[in-house]
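Trainee: Sharing a sequence plus its predicted fold:
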Amino acid sequence: QLQLVESGGGLVHAGGSLRLSCTTSGFTLDPYAIAWFRQAPGKERERVSCISYEEGRTYYDDSVRGRFTISRDNTKNTVYLHMNSLKPEDTGIYYCAAGGRVYTTTHCPVRYNYWGQGTQVTVSS
């Protein structure tokens, strides 16, 4: 089965850190770009970060820029989202998604071929 698998979520106090992982299952990570999304209770899913396949170019939403870092290790078929200085408003289910062609401005996929099931992140105040 072709899918993405997220891990690394959990409960953390405000100001803490977590590292999320997104690993491919049944296919290799390259040449896909990866995006991380999150969905808070009662809110729409929002994109927070992307990383392209070529040159690993990155994008961050204003809400996470300077606190989150996205990276990829193609040899491990894994993309990471390092989250520092976490805030209660970062709480939600975090999903990763893979796509081929990307927008030149954001380096985020134009459309998504694969999605993960999500991992819960809870930040307590």
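Mentor: Perfect, thanks for sending it.

Trainee: For the residue positioned nearest the centre of the chain, give me the pLDDT.
Mentor: In the chain, the residue lying closest to the centroid (Cα atoms, centre = their mean) is residue 36, at 2.5 Å. If you check residue 36, the pLDDT there is 98.

Trainee: What of residue 104?
Mentor: At residue 104, the model reports a pLDDT of 86.

Trainee: any idea which element it lies in?
Mentor: Counting by DSSP states H and E, no helix or strand carries residue 104.

Trainee: That one and residue 17: what is the separation?
Mentor: From residue 104 over to residue 17 the distance is 32 Å, taken as Cβ to Cβ, to the nearest Å. Using the backbone N, CA and C atoms, a C-beta is placed for each residue, glycine as well.

Trainee: cool, and residue 50?
Mentor: Here the criterion is Cβ to Cβ. By it, residue 50 lies 21 Å from residue 17.

Trainee: For residue 23, which non-adjacent residue is closest in space?
Mentor: residue 78 (4.7 Å; Cβ to Cβ, 6 or more residues apart in numbering).

Trainee: was I right about that neighbour contacting residue 25?
Mentor: No - at 11.0 Å, residue 78 and residue 25 do not qualify as touching, with contact defined as Cβ atoms under 8 Å.

Trainee: hang on, the earlier thing: the residue nearest to the centre of the chain pairs with what?
Mentor: Residue 36 has these beta-bridge partners by DSSP bridges: residue 49, residue 96.

Trainee: got the contact list for it?
Mentor: For residue 36, the contacting residues are 20, 22, 47, 48, 49, 50, 70, 79, 81, 94, 95, 96, by Cβ atoms under 8 Å, 6 or more residues apart in numbering.

Trainee: Lovely, talk soon.
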